[in-house]
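[1] Following is a predicted model, sequence given first.
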Amino acid sequence: MKVIRFSDAAEFHHPEMFLRRVRIYATPSLTGTKNMSVGLAVMGPGIRVPLHKHDCDEAMFILHGEGKFFTKDKEFRVEPYTLVYAPAGEEHGFENTSTCQTLEFVFIYSPPGGEEPIFKNFIKVKDFTYKE
């Protein structure tokens, strides 16, 4: 068993949207997980992530704030304690619709790999520091 704290997680910021931050808690390379990767996304007011897709399933569990998740054809309003599931290959996007609150959600990729664009396209501001 591993217990990974907020202070252990690697932190990344989007290079163009400073109010879009991600913390990575578990990946095969960081923690040895085999079937998933896990992280936390925090988006400032008005931040929008356009349609995109992954080669893996993605589940997003809303912790704080309000927003909308959308596909090419549909739009879904979300609030805390809502789960959003995007199957592999399905285009999806999301937006923080609040003018004053962050939108915070846990994301899980299964199998792992959906986090790779974060490693490549975001700026790392804190290394993963978990020690057993």
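    Okay, I see it. What you see is a predicted model; the values in this text were computed from it and never measured.
[2] What about Val125? Give its phi and psi, please.
    In terms of degrees, to the nearest 10, the main-chain angles of Val125 are phi -110, psi -10.
[3] ok, now Thr31?
    Residue torsions, per degrees, to the nearest 10, at Thr31 are phi -130, psi 0.
[4] For it, grab the count of nearby residues.
    The number of residues packed near Thr31 is 17, by other CB atoms under 10 Å. C-beta here means a position set from N, CA and C on the backbone, and glycine is covered the same way.
[5] Please apply the same query to Ala86.
    22.
[6] Where do the strands of this protein begin and end?
    10-13, 20-26, 37-43, 48-52, 57-64, 67-70, 75-78, 83-86, 92-96, 103-110, 123-126 (DSSP state E).
[7] Which other helices and strands does the fourth one contact?
    Identification of packing neighbours for strand 48-52 by 3 or more CB pairs under 8 Å, 6 or more residues apart in numbering; DSSP states H and E yields strand 92-96.
[8] mind listing what's buried in the strand it packs on?
    Residues 92-96 are the ones in strand 92-96 that count as buried (16 or more other CB atoms under 10 Å).
[9] Equivalent analysis for stretch 61-80, please.
    61-63, 65, 67, 69-70, 78.
[10] Which of the helices and strands in this structure ranks last by mean pLDDT?
    Lowest by mean pLDDT, DSSP states H and E among the helices and strands of the chain is helix 116-121, with a mean of 92.
[11] Indicate which one of the strands of the chain is closest to Lys2.
    strand 20-26 (7.8 Å; CB to CB).
[12] How about residues contacting that closest one?
    2, 4, 6, 8-14, 30-31, 33, 36-44, 47, 49, 115, 118, 122, 128 (CB atoms under 8 Å, 6 or more residues apart in numbering).
[13] what about burial for those residues, which qualify?
    4, 8-14, 30-31, 33, 36-44, 47, 49, 115, 118, 122, 128.
[14] any idea how far the residue lying closest to Lys34 once chain neighbours are set aside is from Ala10?
    Ranked by CB to CB, 6 or more residues apart in numbering and with sequence neighbours excluded, the top spatial neighbour of Lys34 is Pro28, at 6.5 Å. Note on Pro28: its distance to Ala10, by CB to CB, to the nearest Å, is 14 Å.
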